[in-house]
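1. this one's sequence-less:
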């Protein structure tokens, strides 16, 4: 991913958002950051900038001991509104 950042800095966000995120990426990044306090979070629009398909990599203590299916369900629930308006999501 070209747009990723991890940080141990004290801030509002566990992971600081990269400056080059577009509006859709930043919206998804913020929701996931607020809900899961990840140690690593990457969000990238992989639909050539049209905002219809996003790739997400997230590492969070909130997923500890959860199956991959349950982790995906939690992410999908968090992004329910966003998912309604896009074609695909890769987690």
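-> On my side now, so go ahead. Note that the coordinates shown come from a computational prediction; the quantities given were computed from them, not determined experimentally.
2. Assumed residue 86 was part of a strand.
-> No. Judged by DSSP: H, G, I helix; E, B strand; the rest coil, residue 86 forms no part of a strand; its state is coil.
3. Phi first, then psi, for it.
-> phi -120, psi 170 (degrees, to the nearest 10).
4. Now for it, how many residues are close by?
-> Residues lying near residue 86 (other CB atoms under 10 Å) number 17. No exception for glycine: its C-beta is placed from N, CA and C like everyone else's.
5. so what's it closest to, chain neighbours aside?
-> residue 52 (5.1 Å; CB to CB, 6 or more residues apart in numbering).
6. That neighbour reaches residue 87, doesn't it?
-> Yes. Taking CB atoms under 8 Å as the definition, residue 52 is a contact partner of residue 87 at 4.3 Å.
7. List the contacts of residue 59.
-> 38, 39, 40, 41 (CB atoms under 8 Å, 6 or more residues apart in numbering).
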